[in-house]
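Peer 1: Build me a structure from this.
(one chain, ligands or ions: 1)
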Amino acid sequence: MLKLSKLATAVALLVAGTAAVAGEVEVLHWWTSGGEAKSVAELKKIMQEKGHSWKDFAVAGGGGDNAMTVLKSRVVSGNAPAAAQIKGPALQEWAAEGVLANLDPVAKADNWDALLPTVVADIMKYKGNYIAAPVNVHRVNWMWANPAVLKKAGVANAPKTWPEFFAAADKVKKAGFVAVAHGGQNWQDFTTFESVVLGIGGAKFYHDALVKLDQKALTSATMTKSLETFRKVHGYVDAASPGRDWNLATAMVIQEKAAFQFMGDWAKGEFTTAGKVPGKDYICAAAPGTDSAYTFNVDSFAMFKLKDAAAQKAQADLASSIMGVPFQEIFNLNKGSIPVRLNMDMGKFDDCAKLSAKAFVASAKAGSLEPSIAHGMAVPPAAAGAIQDAVSQFWNDDKISVADGVKNIAKAAKTQ
Ligand code: GAL
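Peer 2: Numbers count the residues shown, from 1 in each chain. I've put the predicted structure just below:
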C-alpha cells in the first residue's frame with residue numbers, strides 16, 4: 001500500500017515536472033488545403049520538437065470566415081484556444097476585449113522591432129505592445145496561368161492590361177477551355193474584385209476607396225469602370241463555379257482545364273504540392289494593370305490569456321518559433337508566401353517568391369503597398385464583411401445594374 005502511494009507521488013511529481021516545461025497548445029487556423037496543411041504541419045513539428053503537444057483546431061473554409069465564427073463562440077463560452085490565426089484590424093478588436101496575451105517579453109528578447117517591416121509591426125501591436133506573431137507576407141494581386149493552355153489557345157504572353165486580358169480570355173474560350181478558374185464564394189469574389197479595382201484605378205485610388213473608404217472615391221467614375229470590368233470577368237467563369245473551393249479552382253489551372261486564376265500566392269502552395277515548377281508548368285504574373293502595386297496579406301497568430309504556467313511557456317515558445325529563421329523558411333517555401341522576417345536568405349525560394357519580395361520592397365518605396373481588403377488587412381471586420389456581401393451580390397446577380405452595385409458598395413462601406 002505504502003509502495004503504491006509512493007509510486008503515485010512519484011508519478012505526480014514527474015507529471016508536474018514535465019508540465020513545467022512542456023504544455024499543450026491548441027491552435028485554431030483554417031489551413032486545410034494540400035499546400036496549407038503541409039505548411040502548418042511544420043509549425044506542429046517544431047512545437048513537438050520543443051516537447052509541447054499540439055492540439056489541432058482546424059476549421060475548413062478558405063479566407064477564414066468560418067474559423068472566425070467558431071472562434072467567437074469558443075471565446076464567448078470561456079473556452080478560448082491557446083492561439084488563433086487572427087489578422088489585421090481584427091487583432092485590435094480582440095485586444096480591446098482584453099482577452100489577448102501580451103507578447104512583449106518574447107518580442108523584446110527576440111528583437112522583433114528590428115526584424116519586422118514597420119508596416120507589419122504596427123499591425124501586430126495594440127497600444128504599443130505586441131499581441132500577435134506574424135508568419136508571412138502573401139501577395140494577393142496575382143494572376144496564375146497555365147502556359148500549355150495559353151499556347152493551345154494561341155495566346156503568346158500573359159496579359160498585362162485588362163483589354164489584353166479580355167482578348168486572351170476570348171481566345172481561351174474559343175479553344176474550348178475555361179478562361180477563369182473561380183471559386184464562387186464571397187471571399188473569392190472579393191479577392192478578384194480588389195485586384196480589378198487596383199488594376200483599373202491604381203494604388204492611390206485603391207487606397208482612397210478600399211482603405212480610407214472615402215465616399216467620393218467609392219461613388220466615382222473609376223469605381224463604375226471597376227465594376228464594369230469586374231462584371232465582364234464574370235462572363236469568363238464556368239457555370240459550376242458557385243460554392244467551389246479556391247484550391248479546386250487552382251487545380252483546374254494545374255490540370256490544364258482552365259487558363260487563369262486570380263488568387264493570392266497561397267495558390268502557389270497548391271502548384272508546389274503538385275510538383276509544378278514556376279515558369280515551366282505555370283506562370284505567376286501580377287493581375288492586369290497591377291504590376292507596380294502590391295496588396296499584402298500577413299497571416300499572424302494571437303495568443304489568448306491563459307493561467308497555467310506550462311501553457312504560457314508553450315505560447316511563448318510558439319511565438320518565438322514563428323519568428324525564428326527555420327520556421328520562416330520552411331513554412332513559406334510550402335505556403336507560397338515570403339518570409340515576414342527581414343534579411344532572410346531567399347536562396348531556396350522560387351522566382352515567384354523572389355518577384356514578390358522585390359515587388360514588396362519596390363511598392364513600399366513607391367507608395368503602392370496596400371493592405372488587402374478581401375483578406376482582412378484594410379478595414380475593420382464589420383465594414384469588410386458588409387462590402388464583401390455587396391460585392392458578391394453584384395457578382396452573382398446580373399440584374400443588379402452597375403450603378404446600383406456602386407451605390408450598394410458605397411453604402412456598405414458606412415457599416416461600423
Ligand atoms: C487567407 C489566408 C491565407 C490562405 C487563404 C485561403 O485569408 O491569409 O493564408 O490560407 O486565406 O485559405
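Peer 1: ok, which residues in the stretch 101-250 of the chain are in contact with the ligand?
Peer 2: Residues of the stretch 101-250 of the chain found near the ligand (Cβ under 6 Å from any ligand atom) are His138, Trp246. Every residue, glycine included, has its C-beta placed from N, CA and C.
Peer 1: Show me what secondary structure element comes after the helix or strand hosting Phe271.
Peer 2: Using DSSP states H and E, Phe271 sits in helix 267-273. Toward the C-terminus, helix 267-273 is succeeded by strand 283-286 as the next helix or strand (DSSP H and E).
Peer 1: Adjacent strands (with direction) for that next one?
Peer 2: When pairing is defined by DSSP bridges, strand 283-286 lines up against strand 142-145 (antiparallel).
Peer 1: Show residues contacting the partner strand.
Peer 2: By Cβ atoms under 8 Å, 6 or more residues apart in numbering, the residues outside strand 142-145 that reach it are 158, 195, 250, 253, 259-265, 267-268, 271, 282-288.
Peer 1: For the helix or strand just after that strand, name the packing helices and strands.
Peer 2: Next in sequence after strand 142-145, counting helices and strands by DSSP H and E, comes helix 147-153. Judged by 3 or more Cβ pairs under 8 Å, 6 or more residues apart in numbering; DSSP states H and E, the packing partners of helix 147-153 are helix 162-174, strand 258-262.
Peer 1: Tell me which of the ones you listed is the most buried.
Peer 2: Most buried of those, by mean neighbour count (mean count of other Cβ atoms under 10 Å): strand 258-262, with a mean of 28.
Peer 1: what are the pairing partners of that strand, and which direction each?
Peer 2: Sheet pairing for strand 258-262, using DSSP bridges, gives strand 142-145 (antiparallel), strand 178-180 (parallel).
Peer 1: what's the last one in contact with?
Peer 2: Outside of strand 178-180, the residues that reach it under the criterion Cβ under 8 Å, 6+ apart are 168-170, 172-173, 233, 236-238, 252, 257-262.
Peer 1: Could you tell me how far that strand lies from the centre of the chain?
Peer 2: 23 Å (Cα atoms, centre = their mean, to the nearest Å).
Peer 1: do the same with the first one
Peer 2: When C-alpha coordinates are averaged (Cα atoms, centre = their mean), strand 142-145 and its chain have centres 16 Å apart.
Peer 1: count of neighbours near whatever residue of the stretch 151-300 of the chain ends up closest to the ligand?
Peer 2: Going by Cβ to the nearest ligand atom, the ligand is nearest to Trp266 of the stretch 151-300 of the chain, at 4.0 Å. Residues lying near Trp266 (other Cβ atoms under 10 Å) number 27.
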